[in-house]
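Visitor: How does the following fold in three dimensions:
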Amino acid sequence: MIFHQPAGGHIPSALIADAARLNSDGWGLMAVMPDGRVIVERHRQVDVAAIAQRLAQLAGAELCLHLRQRTRGACSLDNTHPIRIDDRFEMMHNGTVRLPSDAHGRSDSWQLANTLLAPLLATQPQLAGEAAFVALVEAGLTPRNRLVLLDRDQRRFVFFNRAHGTDVDGLWISGWHWIERARAQAAAPRSRPPKASVRRVA
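Guide: Numbering: from 1, shown residues only. Predicted structure coming up:
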């Protein structure tokens, strides 16, 4: 799941906790600070309190936060988002893409970043800011795939399939259904073993 927090925004801890229930295989962020600094981090351990504390330290920043649910590839920092494309670009991805894999243990998101986007952006980095490029990438993805690129040089985020995410209280969230499922799971009563039946014998 990806959260986009605009400059001056805030991601509530309760929302992070909801997302973490089903997306607990690593987290990362990419932020543009008010002074222009760019911060990129990846962490293996999903700890809601630690995430909230780190976001508080980055108050005022525009940032994207990613919590990973592993579908393909190992649980490792290499597969934790944001995924580095090159010295200029970082990528966050929500969804699943079917790509041939020749890298053992690498996720589909890693393949997307390194086999498709990296060759294009290495020779033509200006593409990232062009609407035609965004439309071309979106045409190759299903609506369930949402991407965010961080352009370090331009200090901006580029969204793909943004319209298929959800705007909630000033935030953009790549997929609300994860939170709905997490809340339903948390609210569901714990199943109890059936009571043993007792049969009296006359």
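
Visitor: give the contact list for Phe160.
Guide: Counting by C-beta atoms under 8 Å, 6 or more residues apart in numbering, Phe160 touches Val134, Val137, Glu138, Leu141, Asn145, Arg146, Leu147, Val148, Leu149. Every residue, glycine included, has its C-beta placed from N, CA and C.

Visitor: What strand or helix carries the nearest residue to it once chain neighbours are set aside?
Guide: Using C-beta to C-beta, 6 or more residues apart in numbering and skipping residues adjacent in sequence, the residue nearest Phe160 is Leu147, 3.9 Å away. Leu147 is located in strand 146-151, with elements delineated by DSSP states H and E.

Visitor: Show the end-to-end separation of stretch 96-114, please.
Guide: End-to-end distance of stretch 96-114 (C-alpha to C-alpha, to the nearest Å): 15 Å.

Visitor: ugh, wrong one, I meant stretch 95-107
Guide: 11 Å.

Visitor: Please apply the same query to stretch 27-41.
Guide: 8 Å.

Visitor: Check what contacts it and list those residues.
Guide: Residues from elsewhere that reach stretch 27-41, judged by C-beta under 8 Å, 6+ apart: 7, 20, 42-43, 46, 51, 54-55, 58, 60-68, 80-82, 84, 90, 92, 150, 152, 155-157.

Visitor: Apply 7 Å and report the result again.
Guide: By C-beta atoms under 7 Å, 6 or more residues apart in numbering, the list of residues contacting stretch 27-41 from outside reads 7, 42-43, 46, 51, 58, 60-68, 80-82, 90, 150, 152, 155.
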